[in-house]
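Participant: Below is the sequence, then the predicted model.
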Amino acid sequence: MTANIAEEKAGIKVATSPYGADDELGALNTLALAAQANALGRVDTSKVYDLSVDYFVGMPSFQAAGDPSYQIFMSHTPDGTVVDNLNGAGDQVNQHVCYSGDVVFLYTHTGTHIDALNHFGVDGAIYNGFTAKEHLGSRNWTKGGVDTIPPIIARSVLLDIAKLKGVQCLEDSYAITVADIEDELQRTGLTIGQGDVVFVRTGRMAFWPDGSKALGNPPGLSLDAARWLTAQGISVIGADQECVEVGPSHHEDNWLPGHCHFLAEAGVPMIELLNLEELSADDVNEFCVIAAPIRLKGATGAPIRPMALKLN
């Protein structure tokens, strides 16, 4: 993203967890069993909404930042298995049994994914004061990794800011304000409470998979709006664009202040590149979300496939 930074400073600091010195869950501690049971007890099972995108060669990704594109390769094919006989079964058996296998290679923040608490920090430390000096090895962090994220089951609220504004998609670099959130909650008659998951629709996913329109200079949450949401006690934040927050940054001391606030200051994991178009089309603003990332030990993020069921 190009720099268009105001002189205002974000002033973000790494938070100490109220759940103890060893805590790696942060806001996910608010996923109470009683609240989960309540949400599951209210679901309308007539339709399940899949909020993820497909992974395919050529999909939009962060190659401009030096990260690899998504790749998939066949490591075993039916005809190839007959030729190479790597399983030692022999021609007759391998001609009878059709064996296929593949390998995928991707940046962990590709497609619909969740950011773990070790993804962003401030001054060499991540949420709860874990430091790169003490907790970052040669391969991965030993604290705050995506493997610590439990299955997410929670009441969820969709803030459909694009619909609120009467547009298909918010304009590039539109900063969603606290007033926008309050107006959207008034429009839907909903409230946000402790442990809730909040998803924000900007309309960007309507352009997917055209990366020239879906990525870059995203409309998203202002830092004030991000702080307002975490003050409500949310457990997870998500959006239908690549960084949840507005880009470029409005703060001279931080190029992704929303990331630093959500992850390092509030302990709130972030889900990016959600497909919220079907929820919006059906006017579903309150739902139960069920999601879990791949448990990649120590990784800063991982693909995730959230499912939504409307609440009665």
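Facilitator: That came through, no problem.

Participant: Only C-alpha atoms from now on, for both contacts and neighbour counts.
Facilitator: Noted.

Participant: residue boundaries of the strands in the stretch 51-200 of the chain?
Facilitator: With DSSP state E, counting those that start in this stretch as the definition, the stretch 51-200 of the chain shows strands at residue ranges 71-76, 101-105, 113-115, 152-160, 175-176, 197-201.

Participant: Okay, now the unreliable bits of the protein?
Facilitator: Applying pLDDT under 70 to the chain picks out residues 1-7.

Participant: swap the cut-off to 80 and go again
Facilitator: Along the chain, segments meeting pLDDT under 80 span 1-8.

Participant: Looking at it, which residue reaches furthest from the middle?
Facilitator: residue 92 (47.4 Å; C-alpha atoms, centre = their mean).

Participant: sorry, back to before: residue 28: which of the strands of the stretch 51-200 of the chain is closest?
Facilitator: strand 152-160 (8.3 Å; C-alpha to C-alpha).

Participant: about what we covered before: can you tell me which of the strands of the stretch 51-200 of the chain is most buried?
Facilitator: Compared across the strands of the stretch 51-200 of the chain, strand 113-115 shows the largest average neighbour count, a mean of 29 (mean count of other C-alpha atoms under 10 Å).

Participant: Am I right that residue 172 is in contact with residue 219?
Facilitator: Yes: counting by C-alpha atoms under 8 Å, residue 219 is a contact partner of residue 172 at 5.3 Å.

Participant: Those two: which is more packed in?
Facilitator: residue 219 (28 against 18; other C-alpha atoms under 10 Å).

Participant: What distance do you get for the more buried one to residue 205?
Facilitator: 12 Å (C-alpha to C-alpha, to the nearest Å).

Participant: cool, residue 98 as well?
Facilitator: In terms of C-alpha to C-alpha, residue 98 sits 38 Å off from residue 205.

Participant: And the two? Which one has more around it.
Facilitator: residue 205 (25 against 14).

Participant: I'd guess that one is in a helix, am I close?
Facilitator: Yes: judged by DSSP: H, G, I helix; E, B strand; the rest coil, residue 205 forms part of a helix.

Participant: quick one, what contacts it?
Facilitator: Applying C-alpha atoms under 8 Å, 6 or more residues apart in numbering, we find residue 205 in contact with 214, 240-241, 273-277.

Participant: What is the nearest of those to residue 261?
Facilitator: Nearest to residue 261 among the contacts of residue 205, with distances taken as C-alpha to C-alpha, is residue 241, at 17.6 Å.

Participant: top helix in the chain by residue count?
Facilitator: helix 178-188 (DSSP state H).

Participant: does residue 120 really touch residue 131, like I thought?
Facilitator: No: using C-alpha under 8 Å, residue 120 is not in contact with residue 131, being 11.5 Å away.

Participant: wait, what's in contact with residue 141?
Facilitator: Counted by C-alpha under 8 Å, 6+ apart, residue 141 has contacts 118, 132, 135, 298-299.

Participant: The closest residue to residue 204 other than its chain neighbours: what's it in contact with?
Facilitator: Residue nearest to residue 204 in three dimensions, not counting chain neighbours: residue 214, with 5.3 Å by C-alpha to C-alpha, 6 or more residues apart in numbering. By C-alpha under 8 Å, 6+ apart, the residues touching residue 214 are 204-208, 241.
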